[in-house]
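*Asks:* Provided below for reference: sequence and predicted model.
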Amino acid sequence: ILNVEQSPQSLHVQEGDSTNFTCSFPSSNFYALHWYRWETAKSPEALFVMTLNGDEKKKGRISATLNTKEGYSYLYIKGSQPEDSATYLCAFGHGGSQGNLIFGKGTKLSVKP
Amino acid sequence: EAQVTQNPRYLITVTGKKLTVTCSQNMNHEYMSWYRQDPGLGLRQIYYSMNVEVTDKGDVPEGYKVSRKEKRNFPLILESPSPNQTSLYFCASRTGGVNNEQFFGPGTRLTVL
């Protein structure tokens, strides 16, 4: 059974703090690693899709790194703002290039003003 | 506007009464998928479709059916709903392989009494 683990489950930070979360996934049969941002009462929105070992991607204050050999990815948020409050999901793409995504349970971030 | 739509957004029904949740995308995506989201369990895949007339089971297919007669539509059918199918359902689509981002619909909250 393929398992994708995210930690921590939840995180409370103050506005302006920088923070990071971890996504662990199987290191074999890797095709892609996705990060999604999921706000309450909305649908998940893609942040990054990463495919190569050593990939680093950045979108504004949010960035992500990928290590496929050891099976982990980090998501960083620099200078957290209240609007960053959301659940951050990672998903492991496997089963070939036409395969499916296995989602982690997410990290719920709350940013206090 | 590129989007995935789902209907209905909210539904309360009774055990055994057949229902269909529609999903439609206007992006000409080949791949479509249904997920359910339950507290503490994360997003779990129900069924997916690689293209028209090609469907396959995900991780939790029991009690569900799907069809893919047209590229844009991927309805989820519950022939005889039961209370354990009370959940939040998301439809998603993407183009090509697992290295492309998935676009999610707004979600359907289903309650089976």
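*Replies:* Yep, it's here. Fair warning: this is a prediction, and the values are worked out from it, not measured in the lab. Numbering: from 1, shown residues only, chains lettered A, B, ... in the order given.

*Asks:* Quick check: residues of chain A near chain B?
*Replies:* Residues of chain A lying close to chain B by C-beta under 8 Å from any C-beta of the partner chain are A:31-32, A:34, A:42-46, A:49, A:51, A:89, A:91, A:93-101, A:103-106. Where C-beta positions appear, they are placed from N, C-alpha and C, glycine not excepted.

*Asks:* Of these, which belong to strands?
*Replies:* A:A32, A:H34, A:E45, A:A46, A:V49, A:L89, A:A91, A:G93, A:H94, A:N100, A:L101, A:F103 (DSSP state E).

*Asks:* Quick check: residues of chain B near chain A?
*Replies:* Residues of chain B lying near chain A (C-beta under 8 Å from any C-beta): B:31, B:33, B:35, B:40-45, B:48, B:50, B:58, B:90, B:96-107.

*Asks:* Please check the residues of chain A next to chain B and keep the buried ones.
*Replies:* A:31-32, A:34, A:43-44, A:46, A:49, A:51, A:89, A:91, A:93-94, A:99-101, A:103-106 (16 or more other C-beta atoms under 10 Å in any protein chain shown).

*Asks:* So which elements touch the longest strand seen in chain B?
*Replies:* Secondary structure of chain B per DSSP E: the longest strand is strand B:42-51. Packing partners of strand B:42-51 (3 or more C-beta pairs under 8 Å, 6 or more residues apart in numbering or on different chains; DSSP states H and E): strand A:86-94, strand A:100-103, strand B:31-38, strand B:54-57, strand B:65-66.

*Asks:* Of the ones you listed, give the one that comes closest to B:R9.
*Replies:* B:R9 sits nearest to strand B:31-38 of all these, at 14.4 Å, using C-beta to C-beta.

*Asks:* Go ahead and measure how far the helix or strand of chain A with the lowest mean pLDDT is from the middle of the chain.
*Replies:* Within chain A, confidence by mean pLDDT, DSSP states H and E is lowest for strand A:100-103 among all helices and strands, at a mean of 92. Distance of strand A:100-103 from its chain centroid, counting by C-alpha atoms, centre = their mean, to the nearest Å, is 13 Å.

*Asks:* what pairs with that strand, and is each one parallel or antiparallel?
*Replies:* strand A:86-94 (antiparallel) (DSSP bridges).

*Asks:* For the strand it pairs with, list the C-alpha coordinates in CSV.
*Replies:* Output in CSV follows, covering the C-alpha atoms of strand A:86-94 (Å, rounded to 0.1, in the frame of the first residue of the first chain):
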residue,chain,number,x,y,z
ALA,A,86,-5.3,26.9,4.5
THR,A,87,-4.6,23.1,4.3
TYR,A,88,-1.6,22.3,2.2
LEU,A,89,-1.8,18.9,0.4
CYS,A,90,0.9,17.0,-1.2
ALA,A,91,0.2,14.2,-3.7
PHE,A,92,2.6,11.5,-5.1
GLY,A,93,2.3,10.6,-8.7
HIS,A,94,3.0,7.0,-9.5
